[in-house]
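S.K.: Whatever this is, show me its structure:
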Amino acid sequence: MSMVTYIGLNFTVTLNEYYTEDEVEINYVFSSEENRSVVQQKHFTTPYIYELSEKGHPIWEMNAYQKTHSPHNYEKSKKTFLQLCHLLKDVLPEGDFCEVYICWLGEEDEQHEDELIIHLQDLQIEALEIVEKCHIRIENGGKDNGEPY
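M.R.: Take a look at the predicted model:
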């Protein structure tokens, strides 16, 4: 079984047909259209569902357990997460958001166990706790200038 990191966007993206060296890409990796449909209906409000291809270390290991018991892997997951944030700063329009949901392939219909809201302008990396079955809303803009989302 594989862990899948889904990403929901309010716009379509062009998928790369060829292998790249990018540490994080938006693409389709393991899931079927049916898997993505379940995630969209159960967890997301965004209309376009893709997967994150994490070539570094999975972001769902960026948590206190890993930080304590495997600091090397925690740092690798943190690096992957920062690459994701860099990518999102480039693709998310100001004031927009995306959603991320992480679960085992085939467990898309299970209830999420945690929720996070992350602002790209104010990451507070050390406070983030990302695990499986976590629904994450990542917002671009507005927080630092008082605008509502």
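
S.K.: now for the helix or strand bottoming out on mean pLDDT in the chain, which elements pack on it?
M.R.: With mean pLDDT, DSSP states H and E as the measure, the helix or strand of the chain carrying the lowest mean pLDDT is strand 24-27 (a mean of 90). Counting contacts by 3 or more CB pairs under 8 Å, 6 or more residues apart in numbering; DSSP states H and E, strand 24-27 packs against strand 48-54, helix 71-91. C-beta: built from backbone N, CA, C; applies to glycine.

S.K.: Could you identify which of those is most buried?
M.R.: Ranked by mean neighbour count, these are led by strand 48-54 with a mean of 19 (mean count of other CB atoms under 10 Å).

S.K.: Residue 64: how many residues sit nearby?
M.R.: 10 (other CB atoms under 10 Å).

S.K.: Find the nearest non-adjacent residue to it, please.
M.R.: Spatially, and ignoring its direct neighbours in sequence, residue 64 is nearest to residue 129 (6.2 Å; CB to CB, 6 or more residues apart in numbering).

S.K.: Assign a three-state SS to the one you found, would you?
M.R.: The local conformation at residue 129, judged by DSSP: H, G, I helix; E, B strand; the rest coil, is coil.
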